[in-house]
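Chemist: Requesting a structural model of the entry that follows:
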Amino acid sequence: MFFFAIPTGLLMGWNKKIDLLLSPLLYVLYPIPKVVFLPIILVLFGLGDVPKIMLIAFVLYFQLVVVIRDAAKGIPYAQKQVIQSLNATKLQTLCHLTLPYCLPSVMTSLRASLGTALAILFIAETFASFSGLGYYILNRMDSRDYLAMYAGVIGLALLGGGLYALINIVENTICRWYKLMADSSSN
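Modeler: Residues are numbered from 1 along each chain as shown. Below is the predicted model of the structure:
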């Protein structure tokens with residue numbers, strides 16, 4: 001997902017022609033609930049974990065492309081002028097301006113889309129699946145084993161909380177400069 005969303009978003013944010021070409025497609029596909037593609041994904045990839053992963057990646061792809069494109073477009077002109085005055089190459093501009101500028105937005109998008117990803121996982125595991133937390137929760141509910149069902153719900157909540165904490169750890173590690181900048185501006 002990252003390997004496709006990051007270059008697509010950056011290209012759309014950098015190049016107006018590519019943005020004009022791909023934006024209509026993005027505007028048409030983004031609002032569609034991606035869960036409606038689950039039957040198609042199941043037909044193409046069969047049962048198992050692959051369709052679940054594909055569906056979650058499909059959902060997150062569009063959310064990340066929009067955020068990365070908007071972040072790349074939102075780089076202040078003054079910062080672009082500074083890096084151009086230093087005769088930076090496109091690769092240097094990407095590494096030293098664009099990616100650092102977009103990274104906090106990407107991390108926020110990941111955090112915000114985590115709930116959606118877990119909801120999609122639950123739906124995918126309840127639809128034509130014989131394993132996973134979603135299947136387990138619904139199966140326990142059907143057999144009236146409510147204690148086990150609630151344990152599954154708590155397990156899903158712990159998974160979400162753990163992933164959220166992991167994203168925060170990664171953000172605090174790779175965006176340390178951003179946190180320092182935010183702390184200094186609040187003082």
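
Chemist: Tell me where the model's unsure across this structure.
Modeler: Within the chain, the ranges that satisfy pLDDT under 70 run 1-2, 128, 182-187.

Chemist: Just the helices from it, written as ranges.
Modeler: Assigned by DSSP state H, the helices in the chain fall at 2-14, 16-29, 38-45, 49-73, 77-85, 90-93, 99-126, 133-142, 146-174, 176-186.

Chemist: List the contacts of the third one.
Modeler: Read that as helix 38-45. Applying Cβ atoms under 8 Å, 6 or more residues apart in numbering, the contact partners of helix 38-45 are P51, M54, L55, F58, I123, A124, F127, A128. (C-beta placed from N, C-alpha, C; glycine too.)

Chemist: shouldn't D70 be in contact with D19?
Modeler: No. At 10.6 Å, D70 does not count as touching D19 under the criterion of Cβ atoms under 8 Å.

Chemist: Now for those two: what residues contact both?
Modeler: Shared contacts of D70 and D19, counting by Cβ under 8 Å, 6+ apart, come down to G13.

Chemist: Pull the contacting residues for T98.
Modeler: Applying Cβ under 8 Å, 6+ apart, we find T98 in contact with L10, G13, W14, A72, I75.

Chemist: at 10 Å what do you get?
Modeler: Shown in contact with T98 (Cβ atoms under 10 Å, 6 or more residues apart in numbering): L10, G13, W14, I68, A71, A72, I75, Q79, K80, I83, K90.

Chemist: And for Q63?
Modeler: Residues near Q63 by Cβ under 10 Å, 6+ apart: M1, A5, Y30, K34, S109, L110, A112, S113, T116, A117.

Chemist: if you set the cut-off to 8 Å instead, what comes out?
Modeler: Going by Cβ under 8 Å, 6+ apart, Q63 touches S109, A112, S113, T116.
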